[in-house]
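[1] The following block contains a protein sequence and its predicted model.
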Protein chains: 2
Amino acid sequence: MSKKVAVLAVNPVNGAGLFQYLEAFFENGISYKTFAVAETTQIKTNSGISLQTDDVVANLKGLENEYDALVFACGDAMPKFSENAGKQFNQDMLTVIKSFDDSGKILVGHCAAALLFDNLGIGKGKKVALHPFIKSVVKGCVGTDEQSVVEGNIYTAQTESSIPSLLPDLLKALK
Amino acid sequence: MSKKVAVLAVNPVNGAGLFQYLEAFFENGISYKTFAVAETTQIKTNSGISLQTDDVVANLKGLENEYDALVFACGDAMPKFSENAGKQFNQDMLTVIKSFDDSGKILVGHCAAALLFDNLGIGKGKKVALHPFIKSVVKGCVGTDEQSVVEGNIYTAQTESSIPSLLPDLLKALK
């Protein structure tokens, strides 16, 4: 039986990134549920399109055991993350990410995902793919120039343009 | 001054395709407006996510001269197109595509886009990239196995996965 994936979408989210994961899951019969990292399910893409997720991250908290993997879909919310780190939905997101890692579940993400993982002490000593601007910022993870890296339970891609190179391994792990 | 792009999104639309265009336009300062090929602006992605376009295709009819290029974002609506060809929104879509071509404007699309163009008598003798399943179906256009093809005003990609190979030429033409 294929695994079940929880997909976190920040607000705004990069639509190209988010939907490369979702359409690939859809086409491969992998079940997923989307969670807005926001107060409501109504969020926007970087490109300004309104979309509706299935639920909000607050309602994923405590239900992590229903899922086998977590995807972090990055977006223009992230450059301003430090300003908004205290908001409940961001705190909930961090709690959820940590919980998935604590259970050894698959963690997936592109762009700034590895920085979030790193800040939570996740992936210590593991190689990650991440946006070139933040390669030197990660401390516990080992930043690389790779398009994508799979190490242990951590699946990372450099940017949304690198997701195609991550998908084959990811889909194999989720089927 | 950069050009203005009208983006048609069928219902359901492949989100990975649609948002690769939109995020690239957004990041490159190219203005765009999205039009649902539907009765309302509320449509879904193949992957089941509800999203809202700026307008519907009926309202693009007659205003084609305000735009420099037209993108056709393909999706799971297309395998059933023949069943729904008589619907007003599909007729409006065909009228709009023809109108853009008649003015020599840039036409862009992936997957089944070239088949729509071909059915309208657009791109006669021009090479196109298109889904492998329909390569032999096009009559006036010349079907290829290329990831992407630019010939004259016609910009085509084989599938949504091939859009990255089309984007550099497309962005150059739209800037």
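    Perfect, I can see it now.

[2] excluding its backbone neighbours, what's nearest residue A:106?
    Among residues not flanking residue A:106 along the chain, residue A:69 sits closest, at 3.7 Å (Cβ to Cβ, 6 or more residues apart in numbering or on different chains). Heads up, the C-betas are built off the backbone N, CA and C, glycines and all.

[3] likewise residue A:152?
    Nearest-residue entry for residue A:152: residue A:126, 5.7 Å, with adjacent residues in sequence omitted and distances by Cβ to Cβ, 6+ apart.

[4] Please apply the same query to residue A:130.
    Closest residue in space to residue A:130, ignoring its immediate chain neighbours: residue A:114 at 3.9 Å, by Cβ to Cβ, 6+ apart.

[5] Just the buried positions in the lowest-mean-pLDDT helix or strand in chain A, please.
    Here the helix or strand of chain A ranked lowest by mean pLDDT, DSSP states H and E is helix A:81-84, holding a mean of 94. With burial defined by 16 or more other Cβ atoms under 10 Å in any protein chain shown, the residues of helix A:81-84 counted as buried are residue A:81.

[6] next one: that helix to chain centre, how far?
    Its chain's average C-alpha position is 17 Å from that of helix A:81-84, according to Cα atoms, centre = their mean, to the nearest Å.

[7] from the chain's centre, how far out does the helix or strand following it sit?
    For helix A:81-84, the succeeding helix or strand toward the C-terminus, using DSSP states H and E, is helix A:88-102. On the basis of Cα atoms, centre = their mean, helix A:88-102 sits 11 Å off its chain's mean C-alpha point.

[8] got a list of what residue A:120 touches?
    Listed by Cβ atoms under 8 Å, 6 or more residues apart in numbering or on different chains, the contact partners of residue A:120 are A:94, A:97-98, A:101.

[9] which sections of chain A are below the confidence cut-off?
    Within chain A, the set of residues satisfying pLDDT under 70 comprises A:1.

[10] Closest to the centroid, which residue in it?
    Centroid-nearest residue in chain A, with Cα atoms, centre = their mean: residue A:72, separated by 1.1 Å.

[11] Which secondary structure elements does the helix or strand that contains it sit against?
    Under DSSP H and E, the secondary-structure element containing residue A:72 is strand A:69-73. Taking 3 or more Cβ pairs under 8 Å, 6 or more residues apart in numbering or on different chains; DSSP states H and E as contact, the helices and strands that strand A:69-73 lies on are strand A:4-9, helix A:15-27, helix A:88-102, strand A:106-110.

[12] For residue B:11, find the nearest of those.
    Across the helices and strands packed on strand A:69-73, the minimum distance to residue B:11, taken as Cβ to Cβ, is reached by helix A:15-27, at 14.9 Å.

[13] ok, and does the closest one reach over to chain B?
    Yes. Judged by Cβ under 8 Å from any Cβ of the partner chain, helix A:15-27 and chain B are in contact via A:15-16, A:18-20, A:22-27.

[14] would you list the residues you listed in JSON lines and tack on neighbour count?
    Listed next are these as JSON lines, based on neighbours: other Cβ atoms under 10 Å in any protein chain shown:
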{"residue": "A:15", "neighbour count": "31"}
{"residue": "A:16", "neighbour count": "30"}
{"residue": "A:18", "neighbour count": "33"}
{"residue": "A:19", "neighbour count": "32"}
{"residue": "A:20", "neighbour count": "28"}
{"residue": "A:22", "neighbour count": "25"}
{"residue": "A:23", "neighbour count": "25"}
{"residue": "A:24", "neighbour count": "22"}
{"residue": "A:25", "neighbour count": "24"}
{"residue": "A:26", "neighbour count": "22"}
{"residue": "A:27", "neighbour count": "13"}
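
[15] re the thing from before, report the contact partners of the residue nearest to the centre of chain A.
    Neighbouring residues of residue A:72 by Cβ under 8 Å, 6+ apart: A:8, A:10, A:97, A:107-109, A:113, A:116.
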